[in-house]
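Student: give me a 3D structure for the following:
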Amino acid sequence: MALGRTWAVALTGITGRLVEVEADVGRGLPGVSIVGMPDSAVMQSRERMRAAAANSGLAWPTGKVVLSLSPASLRKFGAGFDLALAAGALTASGELPAAGFEGTVLLGELALDGRVRPVAGVLPAILAAREAGLARAIVPVENLAEARLVAGIDTAGVGSLRMLADWSRGLGDLVAHAPPAGGGGDDDAHDLAEVHGQEDCRRSVEVAAAGGHALLLRGAPGTGKTMLARRLPGLLPDLAANEALEATAIHSVFGRLPPDDPLLRRPPFVAPHHTATAAALVGGGTGTARPGAATLAHRGVLFLDECAEFPGRVLDALRTPLEEGEVRVARRDGVAVFPARFQLVLAANDCPCGSPRPADCDCSPDERRRYGRSLTGPLRDRVDISARTLPIGPSLLAVGEAEDSATVRARVASAREAAAARWAGCAEASGARTNASVPGRVLRTGFRLDRGALRPLDRALAAGVLSPRGVDRCLRLAWTIADLAGEPAPTGDHVAEALVLRGED
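Tutor: Sure, this is the predicted structure:
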């Protein structure tokens, strides 16, 4: 009887859990048994391992092979365990020396000819291995650039099982250098200068970008709602180092990273189709919950085009993430918590027919009233800015040069820096960096405005057109408008503009 041990990582949501792979080769009929709650993809690695070993010129154990994945109570998904399972079995049989695999995590899927294929979730897996104290990680060559984003652990790439075998025997080297990273995404492909007219909506998008506010765009088809929404990420500043690593880890789990330049430096933009289910939008699934589009948009923009076509219960699932910045999904295996601090942008037509001219609309008043009913009152109350795009006539051809994204981005960056400096000095702001994430109690106490500036809010609250939550959101908007203007605190004019932007004027 012989024993071998290697290490792998199981993904639970968007976090990694270290898995100890134990291999036992003993007497009995030839065969491979995998225990420890593997899914079907892990179970099918038995055939992949045997074929890969044979086609790599390695002797597969002839006796009974038992492979145990510990902790046994943790479910294991995917084909990323192939390399660790194969190395464990080959070290247990004596085909490969075990010394080279001590303190090493192995990730990768095996092809039948012995090639090591890339897998998703390498970044959170390497983070988990580093936290567990492992010294080295061996990943597929295509994932090496992603693995190199994690400091404090040695990483190397492997192209085939034969290469791994030669390295363990001291007969060859692994791939040590990843290809140089590119310069990140290019926002010039969606420049704000392409949007002519719609000055009020351009202002709304600028304020939304400066304060991180949720935005609703309504209007006839073809008036620029989607164009404005797609240009919002280009107005946002680059992600901070910790935010970039956090967003990159999430996209790694989804398998959405380019192999040559995996680090996300720009805020992500996610636009699910209106047929998406609640599980696809905020996360879910059977047994173990999986993250959804809201988590994929973490630290970026979640754009719901034709939001009136989404079912009401699907949109209402966003209410908690908008307030708390995370999604909590309860399933059979426990409660999964996924980060979801995104900026929400909604776009919708005024009626089902989408006629550009009200005179041509053939929808009945009841149809127009029912359309958009999925945007419930509680969800609307959580949307800071409501803007309407207007039909543009022949004057569009006479419109001069509009401000480009770079010009507006500079103002947004200055406003965000002012907000971050202000809230950094406030212990009660709970680490907020944008006005949209500041608790309402802070705005009403430590940063309370004078009575003259609050007079428009008093009138709106007394008239019943503004809820207490709406008051807090108007105050956040007023601070953003003041930051864009370079003012130390909002005035009555800023508060009045905030009411207009909310659609409460």
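
Student: count the residues that sit near residue 417.
Tutor: 13 (other C-beta atoms under 10 Å). To be clear about C-beta, it is placed using only N, CA and C from the backbone, and glycine gets the same treatment.

Student: mind starting the numbering at 334 from now?
Tutor: That works, and once the first residue is 334, the last one we named lands at residue 750.

Student: ok, now which ones touch it?
Tutor: With contact taken as C-beta atoms under 8 Å, 6 or more residues apart in numbering, residue 750 is in contact with no other residue.

Student: mind checking how far it is from residue 819?
Tutor: In this structure, residue 750 and residue 819 are separated by 11 Å, where distance is defined by C-beta to C-beta, to the nearest Å.

Student: so what does residue 427 have for phi and psi?
Tutor: Dihedral pair for residue 427: phi 90, psi 0, per degrees, to the nearest 10.

Student: my bad, should have said residue 400
Tutor: Per-residue torsions, residue 400: phi -110, psi 120 (degrees, to the nearest 10).

Student: check residue 678 too.
Tutor: Backbone dihedrals for residue 678, given as degrees, to the nearest 10, come out at phi -130, psi 120.

Student: now for it, how many residues are close by?
Tutor: Number of residues near residue 678 (other C-beta under 10 Å) recorded here: 29.

Student: which ones are touching it?
Tutor: Taking C-beta under 8 Å, 6+ apart as the contact definition, residue 678 lies against 541, 547, 548, 549, 550, 562, 565, 634, 635, 636, 637.

Student: and with 7 Å instead?
Tutor: With contact set as C-beta atoms under 7 Å, 6 or more residues apart in numbering, residue 678 has these partners: 548, 562, 565, 634, 636.

Student: with residue 494 instead?
Tutor: 385, 386, 389, 419, 443, 447, 449.

Student: which elements pack onto the helix or strand containing residue 399?
Tutor: Applying DSSP states H and E as the criterion places residue 399 in strand 397-403. If contacts are counted by 3 or more C-beta pairs under 7 Å, 6 or more residues apart in numbering; DSSP states H and E, strand 397-403 sits against strand 348-359, strand 364-368, helix 415-425.

Student: partners of it, with directions?
Tutor: strand 348-359 (antiparallel), strand 364-368 (parallel) (DSSP bridges).

Student: closest to residue 642 out of the ones you listed?
Tutor: Closest approach to residue 642 among the strands paired with strand 397-403 (C-beta to C-beta): strand 348-359, 33.6 Å.

Student: just the CA coordinates for stretch 621-637, please, in CSV.
Tutor: Included here for stretch 621-637 are C-alpha records, laid out as CSV according to Å, rounded to 0.1, in the frame of the first residue of the first chain:
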residue,chain,number,x,y,z
THR,A,621,-25.4,25.5,-3.6
ALA,A,622,-26.1,29.1,-4.7
ARG,A,623,-24.2,30.6,-7.5
PRO,A,624,-23.6,34.4,-8.1
GLY,A,625,-25.5,36.3,-10.7
ALA,A,626,-25.2,39.4,-12.9
ALA,A,627,-25.4,41.7,-9.9
THR,A,628,-22.2,40.2,-8.5
LEU,A,629,-20.6,40.3,-11.9
ALA,A,630,-21.2,44.0,-12.0
HIS,A,631,-19.6,44.5,-8.5
ARG,A,632,-17.6,47.8,-8.5
GLY,A,633,-19.1,48.6,-11.9
VAL,A,634,-22.4,49.3,-13.7
LEU,A,635,-25.4,47.0,-14.0
PHE,A,636,-27.5,48.2,-16.9
LEU,A,637,-31.1,46.8,-17.4
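
Student: flag the shaky bits of the stretch 484-633 of the chain, pLDDT-wise.
Tutor: Counting by pLDDT under 70, the ranges of the stretch 484-633 of the chain that qualify are 512-522.

Student: the strands in it, which residues?
Tutor: 487-491, 548-552, 602-603 (DSSP state E, counting those that start in this stretch).

Student: mind putting these into TSV with distance to residue 409 and mean neighbour count?
Tutor: Converted to TSV, these look like this (distance: least, C-beta to C-beta, whole Å; neighbours: other C-beta atoms under 10 Å):
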stretch	distance to residue 409	mean neighbour count
strand 487-491	21	22
strand 548-552	41	24
strand 602-603	28	22
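
Student: output the ones you listed as a markdown table; include the columns distance to residue 824.
Tutor: As requested, the strands of the stretch 484-633 of the chain are arranged in a markdown table below (distance: least, C-beta to C-beta, whole Å):
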| stretch | distance to residue 824 |
| --- | --- |
| strand 487-491 | 54 |
| strand 548-552 | 23 |
| strand 602-603 | 34 |
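
Student: longest helix in this structure, by number of residues?
Tutor: Counting by DSSP state H, the longest helix found in the chain is helix 738-757.

Student: could you point out which element follows that helix?
Tutor: Next along the chain from helix 738-757, counting by DSSP H and E, comes helix 773-777.

Student: output the lowest mean pLDDT helix or strand found in this structure.
Tutor: With mean pLDDT, DSSP states H and E as the measure, the helix or strand of the chain carrying the lowest mean pLDDT is helix 698-703 (a mean of 79).

Student: is it true that residue 463 touches residue 485?
Tutor: Yes: between residue 463 and residue 485 there is a contact at 5.3 Å, judged by C-beta atoms under 7 Å.

Student: tell me the centre residue of the chain?
Tutor: Here the mean C-alpha position of the chain is nearest to the C-alpha of residue 629 (C-alpha atoms, centre = their mean), at a distance of 2.5 Å.

Student: gap between it and residue 814?
Tutor: Using C-beta to C-beta, we find residue 629 at a distance of 30 Å from residue 814.

Student: ditto for residue 689
Tutor: Between residue 689 and residue 814 the distance, using C-beta to C-beta, works out to 31 Å.

Student: now swap in residue 718 and tell me
Tutor: According to C-beta to C-beta, residue 718 and residue 814 sit 11 Å apart.

Student: buried subset of the contacts of residue 494 as a PyMOL selection?
Tutor: In PyMOL, a selection of the buried entries from the contacts of residue 494 looks like this (16 or more other C-beta atoms under 10 Å):
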select buried, resi 385+386+389+419+443+447+449
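
Student: dump the contacts of residue 494 into JSON lines; add secondary structure as well.
Tutor: Below are these laid out as JSON lines (DSSP: H, G, I helix; E, B strand; the rest coil):
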{"residue": "385", "secondary structure": "helix"}
{"residue": "386", "secondary structure": "helix"}
{"residue": "389", "secondary structure": "coil"}
{"residue": "419", "secondary structure": "helix"}
{"residue": "443", "secondary structure": "strand"}
{"residue": "447", "secondary structure": "coil"}
{"residue": "449", "secondary structure": "strand"}
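
Student: closest to residue 606 out of the strands paired with strand 397-403?
Tutor: Each of those was scored for nearness to residue 606 using C-beta to C-beta, and the closest is strand 348-359 (27.7 Å).
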